[in-house]
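Chemist: sharing a sequence plus its predicted fold:
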Amino acid sequence: MALSLGEKAPDFTLPSTSNKKITLSKDLEGKVVILYFYPKDFTGVCTAEACEFRDQFEAFRALDIPVFGISRDDIATHEKFKKAHRLPFDLLSDEKGKVCKAYDALIPLIKMPKRITYLLDQDHKISGVFSDMFESKGHIESVLKKLKKQLI
């Protein structure tokens, strides 16, 4: 089960593809944020999802909303994935799965991240949860619709 709407998002610090560690409470203080968890770099649906975020990135940038992809892949793999698909946003590495677990984004038993996106408001409370293991396009369209409704 996903984190609940209105719940405070767990704080974290993770290494990023920008060669620095990202701390939610410090580096993104006061910002609306999109965190999308996904199973694995270079797999079919995960690649489609990353590319859909890439293709819709200008809409997020225009709203001044950072996007972060999080999986258990290491930084080296993330860097290759980011470069191969020209991703304009950072990927964060949660190799031990602690952040995935804190966000209830791990599939039980196999400990692989599930496909779930959290929209955090400026206080880092959960304002939207979008989950779909097998489809990415509608998932991202739903995020954008929710954002536009919130900001009107």
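Modeler: Arrived safely, thanks for sending. Computed from a predicted model, the values in this text were never measured in an experiment.

Chemist: please make it C-alpha for all contacts and neighbour counts, starting now.
Modeler: OK.

Chemist: can you give me the strands in this protein?
Modeler: 13-15, 21-23, 33-37, 67-71, 90-93, 116-120, 126-131 (DSSP state E).

Chemist: nearest to residue 59, out of those strands?
Modeler: The minimum distance between residue 59 and those falls on strand 67-71, with 11.0 Å, by Cα to Cα.

Chemist: quick revisit: export the strands of the chain to JSON lines and append columns for mean pLDDT.
Modeler: Below are the strands of the chain laid out as JSON lines (pLDDT from 0 to 100):
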{"stretch": "strand 13-15", "mean pLDDT": "98"}
{"stretch": "strand 21-23", "mean pLDDT": "98"}
{"stretch": "strand 33-37", "mean pLDDT": "96"}
{"stretch": "strand 67-71", "mean pLDDT": "98"}
{"stretch": "strand 90-93", "mean pLDDT": "98"}
{"stretch": "strand 116-120", "mean pLDDT": "94"}
{"stretch": "strand 126-131", "mean pLDDT": "90"}
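
Chemist: which one of these lies closest to residue 5?
Modeler: strand 126-131 (4.9 Å).

Chemist: show me which positions of the closest one end up buried.
Modeler: 126, 127, 128, 129, 130, 131 (16 or more other Cα atoms under 10 Å).
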